[in-house]
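Trainee: Pasting the sequence and the predicted coordinates here, then a few questions.
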Amino acid sequence: MTITARSGIAVPLLLLICLFGSAEWARGLLRQKPDSSSPPSSQQSGQAPGQGSQLTVPSRPQNPIYSGEQGPQKSDIQFVPATRTVTIKLQVQDPNGYFLPNIRRENFAVYEDGVRQKNVDVEVEHAAVSLALLVEAGGRYHELNKLLGFEIPAITRHALEVLGRDDKIAVFKYAGKLENLADFNQGREVLQSASDHFNAPPVSETNFYDALLETLNRMRDLSDRKAVIVVSSGEDTFSKASNQQVLEASRTSGTPIYVVGLTELMKREAATYGPTAPFARIDWDTAEKQLETIAKDSGGRAYMIQSDVDLPAVYDDIMENLRIRYVITYVSSNPSSAGPPRSIRVDLIDPKTGQALKIRDASGKPVAAKVYLQETFTPKSASC
C-alpha cells in the first residue's frame, strides 16, 4: 500500500513536468521561426553582416560593334524656376557602350552643389527621334557605283524598319550635289519608293564634305532628339569645304552623326579588279579613320560593315544609343530660382550600404558602369 500511494502521487507530477517541458519546447520553436513579413537576417540570407546587394543586368557582347571610339555622350538638364524642379536626362553605359538597364530609383544618389537631394524620381525614356539619312549616290568609277546601287537600297530599307510610329526621317543622297529624296513630313510610302528606285548612279564627283555640312545645317532648327545617319565610303573628290570644317561643324552642331561606313565593302570590291585599276590607289584606310573621327567628334558612332548581315545589329545599336535615357527628377534643395552655375553629380549606390553599386551580368561577371553627365548647370529654363 505504501508503494501504491507513492505511485499515485508520482504519476500526476510526472505528467505536469512533461507538459511544462513540451510547452517550453514549443515556445522555443516559435521564437526561432522567422517572421514571414520581415526580411531575413544576414545569416539567413547567406550574406555576411553589413554585406550589400548587387544589380544583375543582361549579358551583352564582349566588344562594341562600333569602330574606333565613341564621342562624348550628351546629357540634358532642364530647370523650372517656378517650382525649382530639375529634370536630368542621361545615359548609363557599360565599357562597351551598351545601355545598362534595371537600375532603380534607390540606386541613384543626386548631389547638387555637394548636397544630396531628396525625393528623387527616376524613369526610363524611349524618345521619338528625327533622323536625316544621308547616302552616297555617285562617284568617279562605274565599277564602284554598281556596288552602291546594290548596297544602298538594303541599307535604306533597314533604316525604315527601325522607325517607330512617332519618329520622323528625311532622306538625302549626294554625289556632285545634295538632293532631298524625302522630307520629314512625308509618309513612309514615299521613303519606301525612294529606296526601291535607287539604281546604280552615273559617274560624277563625290562631294561628301559639302553634303554633310548642308545636312547638318538643315538639322539645326530641330529641337527633338535628332541625329544624322551617314552611309558613305568617306571618299571626297571635289568639295569646297575641307575635312577640318566638317570636324568643326560636327563638334558644334549639337547633332550626333552615326556613320555606316562602306570602306570595307569598297576595299574588297576594288581588290577584285587588281592593282592596276584606277581606283586601286584610293586610300580607304584614311577615309575610314576620317569617318570614325567625324562620328566621334559629334558624339555619335561609326560602324564599318562587312555585309548586309551586319545591318540589323548596327541599327539596333544606333537606336538604343539615341533613344534611351534615364530621366531623373527632383525639387532642388536650393531655395533660389536663379543664380550662378551649380555643380551636379549622380552616383550609383547600394542603398543598404551607401557604397558604390555592384553590377554583374547574367553570367556573374562584374560590369563597370559609366554615368554620362555634364558637370554643371545654370538654373534657368533649359540647359544643354
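Mentor: Happy to help now that I have it. On a predicted model such as this, the values are computed, not experimentally measured, just so you know.
Trainee: so residue 81 makes contact with residue 337?
Mentor: Yes: Residue 81 sits in contact with residue 337 when judged by CB atoms under 8 Å, with a separation of 3.8 Å. C-beta coordinates here come from the backbone N, C-alpha and C atoms, glycine included.
Trainee: Overlap in contacts, the two.
Mentor: Residues touching both residue 81 and residue 337 (CB atoms under 8 Å, 6 or more residues apart in numbering) are residue 379.
Trainee: which residues does the residue most central in space within the chain contact?
Mentor: Closest to where the C-alpha atoms of the chain average out (CA atoms, centre = their mean) is residue 321, at 3.2 Å. For residue 321, the contacting residues are 91, 97, 99, 258, 301, by CB under 8 Å, 6+ apart.
Trainee: would you turn those into CSV with pLDDT?
Mentor: Shown next, in CSV, are those (pLDDT from 0 to 100):
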residue, pLDDT
91, 98
97, 96
99, 98
258, 98
301, 98
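Trainee: Report the distance from stretch 213-229 to the chain centre.
Mentor: Relative to the centre of its chain, stretch 213-229 is centred 19 Å away, using CA atoms, centre = their mean, to the nearest Å.
Trainee: can you list the residues that contact that stretch?
Mentor: Residues from elsewhere that reach stretch 213-229 (CB under 8 Å, 6+ apart): 127-134, 159, 168, 170, 172, 178, 212, 241, 245-246, 249-250, 253-260, 300, 318, 322-323.
Trainee: With stretch 308-320 instead?
Mentor: Here stretch 308-320 makes contact (CB under 8 Å, 6+ apart) with 65-66, 97-99, 129, 151, 154-155, 158-159, 161-162, 227, 229, 258, 260, 301, 303, 305.
Trainee: now the helices for the stretch 51-200 of the chain?
Mentor: 142-161, 188-196 (DSSP state H, counting those that start in this stretch).
Trainee: closest to residue 107 out of these?
Mentor: Across the helices of the stretch 51-200 of the chain, residue 107 has its closest neighbour in helix 142-161 (34.0 Å, CB to CB).
Trainee: which parts of the closest one are buried?
Mentor: 144, 145, 147, 148, 151, 152, 153, 155, 156, 158, 159, 160 (16 or more other CB atoms under 10 Å).
Trainee: Could you do stretch 121-140 as well?
Mentor: Burial within stretch 121-140, assessed by neighbour count using 16+ other CB under 10 Å, is assigned to 122, 129-140.
Trainee: Check stretch 177-192 too.
Mentor: Buried residues in stretch 177-192, defined by neighbour count with 16+ other CB under 10 Å: 178, 181, 182, 186, 191.
Trainee: The second one contacts residue 173, correct?
Mentor: Looking back up the chat, that one is residue 181. Yes: Residue 181 is in contact with residue 173 according to CB under 8 Å; the separation is 5.9 Å.
Trainee: how about low-confidence regions in the stretch 1-150 of the chain?
Mentor: For the stretch 1-150 of the chain, the stretches flagged by pLDDT under 70 are 1-51.
Trainee: Now with 50, please.
Mentor: 1-50 (pLDDT under 50).
Trainee: what about residue 330, how many neighbours?
Mentor: 19 (other CB atoms under 10 Å).
Trainee: Distance from the strand or helix carrying it to the middle of the chain?
Mentor: Element membership of residue 330 [criterion: DSSP states H and E] is strand 324-331. Distance of strand 324-331 from the chain centroid (CA atoms, centre = their mean) equals 15 Å.
Trainee: Mind checking what helix or strand follows that strand in sequence?
Mentor: By DSSP H and E, the next helix or strand past strand 324-331 is strand 342-348.
Trainee: What residues of that following strand count as buried?
Mentor: Of the residues in strand 342-348, those buried (16+ other CB under 10 Å) are 342, 344, 346, 348.
Trainee: Neighbouring strands - and their directions - for that strand?
Mentor: Here strand 342-348 is paired, per DSSP bridges, with strand 108-112 (antiparallel), strand 376-377 (antiparallel).
Trainee: could you redo the ones you listed as JSON lines and give each row distance to residue 218 and mean neighbour count?
Mentor: Formatted as JSON lines, these follow (distance: least, CB to CB, whole Å; neighbours: other CB atoms under 10 Å):
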{"stretch": "strand 108-112", "distance to residue 218": "36", "mean neighbour count": "18"}
{"stretch": "strand 376-377", "distance to residue 218": "29", "mean neighbour count": "17"}
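Trainee: Ok, which of those strands comes nearest residue 72?
Mentor: Closest among those, using CB to CB: strand 376-377, at 15.0 Å.
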